[in-house]
Structure formats: structure tokens, C-alpha cells
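**Student:** here you go, sequence then predicted model.
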Amino acid sequence: MSVVAAIQMASGPNVGANLLEAERLIAQAAAKGAKLVILPENFALMGEKEGALLSIVEEEGNGPLQGFLSQQAIRHKVWLVGGTVPLQASESGKVRAACLLFDADGRVVARYDKLHLFDVSLPGGEERYCESLTIESGQDVVVADTPFGKLGLAVCYDLRFPELFRCLVERGMEILVLPSAFTALTGKAHWEPLVRARAIENLCYVVAAGQGGFHASGRTTHGDSMIIDPWGVILARLPRGSGVITAELDPERLRSTRRNFPTLEHRRLSCKLS
């Protein structure tokens, strides 16, 4: 069995301060025995304006944020899911919200670009978001081979689109990692049922690492980071604030659940992507 950690933060507009906090929490996770560590979405910057990520965009394979994540993986000998990093997009004035997976040698072994963009007006009309103004959608679903099992990558708003996770399962997903920054309003209503549903319907572990607190933009994120087993049992959670939660991933628990309750084998419809 391996220990996995989800890190929860309340990132602000100061990149340096956010990286110091991420470094502290990664070290804490490693000290607890974690070999796989997941950071939340936008761990390096939650700016005062929606387009703030454009100020720290990096080219793939080069930049201080990617360097930081690589160094942390090496220093602590962990596999590290770097939340999201703003990487160059093909369209001018936009970024890709890239979720990067680093191995314990600091190498990028997988990249997933957020597919579903949060363009919504929340009930009451006081909060509006339009990620598509500054973020370019990804195109691919990603499952990576790791020492812990086959890791499926998704980000925040992706959680609402179950067909994505069926595609990940068809590619072998056993563990789903979900860096997030759910709003307080939507999180209170939907976060736990959606996260647990993804574990239950796909008979997989889910590691959901969120932003959780107040931000300089006036936004409040829901937090409630969770680690959930393939039966939908919450193994660990952190309701609010910065911190680390850990749990053991048991491959035999996953295999026996799928063997004894073979709903994945009973599917009549299939999700296929070219």
C-alpha cells in the first residue's frame, strides 16, 4: 500500500508567498509518509482579476513554476501532481490550465490540459465567471502509469461531466486526482455528492485537492478536500483552511471491489474517443 496526500491551500496574489506555503505543505505531506502528493488548482496564484494567470504564463518545460515542482518532487522523493500551471496556448492572450504529473526524479511524465471551462453565472447573479476569456480548452483525456496504479487526471469543473471519467476508466484509470478551486456556493451544494459519485460509479480512488478559504479577489472557495475509496467511503477530509490530508491506497481493495461488484463489466454503453 502507498500513502497519498491532498494539499489544501487558500492561495493569494503573491506567487512567492504561495510557493512558500506549497513547499511547507509538500514537506508536511512527505513527513507523513506520502509518496503521491496532489496540489490544488491555481496553487501558485489566485489573482484579484480573472486574467491574472497571463502574468505568469510559462512555455512547456521551462519556467519557475515547473522548476519549483520538479525540485520539490526530487527533494521529497514523491510523485507530485502540480495542481494547474498556466502554460502557453495556441491562441494569443490565453493560457492552458495544465495539470502536470512529476515523478520522484522530477521529470514530467504526464500533462493534462483542463477540458471543461467554467463559464457560469451563479444563482443570485452576484458571481460570474468566464474562464474561456483567458483559458484555452484542452483536447485530450490522460491516464498515466505510476507505481501506485493508473492515474486519471481531471481539474475542478471537469467533475460535472461523468462521460469524461467513463473515458478515463476505459483507459484503465484506478486512481482519479482532481485539483480544484470550487466556489463556496457550488461547493456547498454539489462538491461532496459529485466527488463521491465519481468514486462510486467508476469504482476508483479519488483524491480531490481544493482551494479552501478567502481570496484577494473577494472570492471564497469551498475547500473540503477529500480522499475517497472505491466504495465511496471518505477516508480523509479537510473542511477549510490550509493543510494536508493523507490516506492509504490499497490496490487489493480496489481489485476486490471491482471483482465482487463488477458494474464496470455490466455497462451497455461505451465512451470512445479517437
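**Tutor:** Perfect, I can see it now.
**Student:** gap between the two ends of stretch 194-214?
**Tutor:** 23 Å (C-alpha to C-alpha, to the nearest Å).
**Student:** list the buried residues for that stretch?
**Tutor:** 194-200, 202-213 (16 or more other C-beta atoms under 10 Å). Every residue, glycine included, has its C-beta placed from N, CA and C.
**Student:** which ones among those residues are found in helices?
**Tutor:** Judged by DSSP state H, helices contain the following of the buried residues of stretch 194-214: 194-200, 202.
**Student:** just give me the closest of those residues to residue 145.
**Tutor:** residue 202 (17.7 Å; C-beta to C-beta).
**Student:** what distance do you get for the closest one to residue 226?
**Tutor:** 15 Å (C-beta to C-beta, to the nearest Å).
**Student:** now residue 253, what's its secondary structure?
**Tutor:** Using DSSP: H, G, I helix; E, B strand; the rest coil, the structure places residue 253 in helix.
**Student:** my guess is it contacts residue 235, does it?
**Tutor:** No: the criterion here is C-beta atoms under 8 Å, and residue 253 misses it with residue 235 at 10.5 Å.
**Student:** now the common contact residues for the two.
**Tutor:** Listed as contacting both residue 253 and residue 235 by C-beta atoms under 8 Å, 6 or more residues apart in numbering are residue 229.
**Student:** where's residue 232 relative to residue 224, distance?
**Tutor:** Relative to residue 224, and taking C-beta to C-beta, residue 232 is found at 15 Å.
**Student:** more neighbours: which of the two?
**Tutor:** residue 224 (21 against 15; other C-beta atoms under 10 Å).
**Student:** now do the contacts for the more buried one.
**Tutor:** 187, 191-192, 210, 212, 237-240.
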